[in-house]
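Colleague: Coordinates only, no sequence provided:
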């Protein structure tokens, strides 16, 4: 088959480039210093202190290489033309790509082949979007080959430019997980009667500047029940169209049977080309996926509530440090708080957050940002901005209030109501 031929060709392709090795010890030291801000002093007043901390997983390097100009061209036995281009990410543990110009013609197929023969694709003209970009999922190993199969017909409308190469230096996809020591000891992997809600929660990876970060978020329904694929996360995660264009979301990333030693599947993923609304001082971000997740993925569209008096217990479902989803539960009454960033001293919207004073089960950590807070009725009422909780001291996490993100600001690009209530029914 054409796939077998492509994998075999990886031994012979000569077009490509190699990125320099990463200084992983230096990167990890930077991360440790940054994440130490999360363990901050908290004050039960209008100046609760915490930090906004997504979890860095990779270094992102600009490339801007037109593969139509620089790829090696070969004719397959079928007569189709195949363009191949090798990318070597040095000593990276995993690799992902971002195509800054992407437009395939009908009949074109694109594969990304890993060094172990595992591949992504086929991508076709059905994956073209008005944004004109395509981010890929993560592949284990440091090498990947881009393989474009065409019928040999040239066209100026076909575009394939490799914009970024992401070198992963944290092997969050392999278990047992060596980068997370806080949540493993006290988190619950089993979802119980929250299983349906957990299928709405996703792990989002996105590039910002020269780094790739992970956050959590939730697929959320609208009042009309249209099941438009809106994804809600923290504003400090996806804060711009440029970041949203690079984002890939993994759903159903969980350990089977609640076993922390079993790696979860990352086969169900979607891309996020459209940022719909974002607010920096309310710290929320709403994006729309390029297409609805496939029916076989059995993702869930979470409901929500604008309540100002939420009932407990309340739950957070999240992906700490890019790992499989975890559960945190509180039975304490939620109180109102103002989020103050301990690293900058700046405050977010006054009284704009729900304060979880103590978790009964679990905790959060860097990478949990954007996680939904579900109330007693399993409705989303908040989104995690940050906090200071650890396994040893599982206290003081802050979630932006959904009722304030709803329509505090009148601009459609800074509120949820325009998108989640298109018929203006509430």
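Modeller: That came through, no problem. As the structure is a prediction and not an experimental result, all values here were calculated from the model.

Colleague: Buried residues in stretch 239-256, which are they?
Modeller: Buried positions in stretch 239-256, judged by neighbour count with 16 or more other CB atoms under 10 Å: 239, 243-255. C-beta coordinates here come from the backbone N, C-alpha and C atoms, glycine included.

Colleague: In helices only, show me those residues.
Modeller: Residues from the buried residues of stretch 239-256 lying in helices, with DSSP state H as the criterion: 243-245.

Colleague: out of the residues you listed, who's nearest residue 82?
Modeller: residue 245 (27.5 Å; CB to CB).

Colleague: re the thing from before, could you export the buried residues of stretch 239-256 as CSV, including distance to residue 100?
Modeller: Formatted as CSV, these follow (distance: CB to CB, whole Å):
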residue, distance to residue 100
239, 19
243, 14
244, 14
245, 9
246, 9
247, 14
248, 15
249, 19
250, 22
251, 25
252, 29
253, 26
254, 32
255, 35
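
Colleague: And the longest strand along the chain, how far out from the chain middle?
Modeller: Identified as the longest strand of the chain according to DSSP state E is strand 55-66. Its chain's C-alpha centre and that of strand 55-66 lie 15 Å apart, by CA atoms, centre = their mean, to the nearest Å.

Colleague: Run through who's touching the helix or strand following it.
Modeller: Per DSSP states H and E, strand 55-66 leads on to helix 67-70 as the next helix or strand towards the C-terminus. Residues from elsewhere that reach helix 67-70 (CB atoms under 8 Å, 6 or more residues apart in numbering): 15, 83, 85, 146, 148, 158-162.

Colleague: Just the ones of the buried residues of stretch 239-256 in strands?
Modeller: Per DSSP E, those map to strands at 247-251.

Colleague: which one among the residues you listed gets closest to residue 110?
Modeller: residue 248 (15.7 Å).

Colleague: who does the closest one bridge with?
Modeller: Note on residue 248: beta-bridge partners by DSSP bridges are residue 205, residue 271.

Colleague: Now do the contacts for it.
Modeller: By CB under 8 Å, 6+ apart, the residues touching residue 248 are 96, 135-138, 204-206, 269-272.

Colleague: are any of those residues buried, and which?
Modeller: By 16+ other CB under 10 Å, the contacts of residue 248 give 96, 135-138, 204-206, 269-272 as buried.

Colleague: Max pairwise distance over the residues you listed: which two?
Modeller: By the measure CB to CB, 138 and 272 form the most distant pair in these, at 15.3 Å.

Colleague: ok so, going back, okay if I get the ones in helices among the buried residues of stretch 239-256 as CSV plus distance to residue 323 and pLDDT?
Modeller: Compiled in CSV, those are given as follows (distance: CB to CB, whole Å; pLDDT from 0 to 100):
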residue, distance to residue 323, pLDDT
243, 22, 95
244, 23, 94
245, 25, 93
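
Colleague: That's all I had, so thanks and see you.
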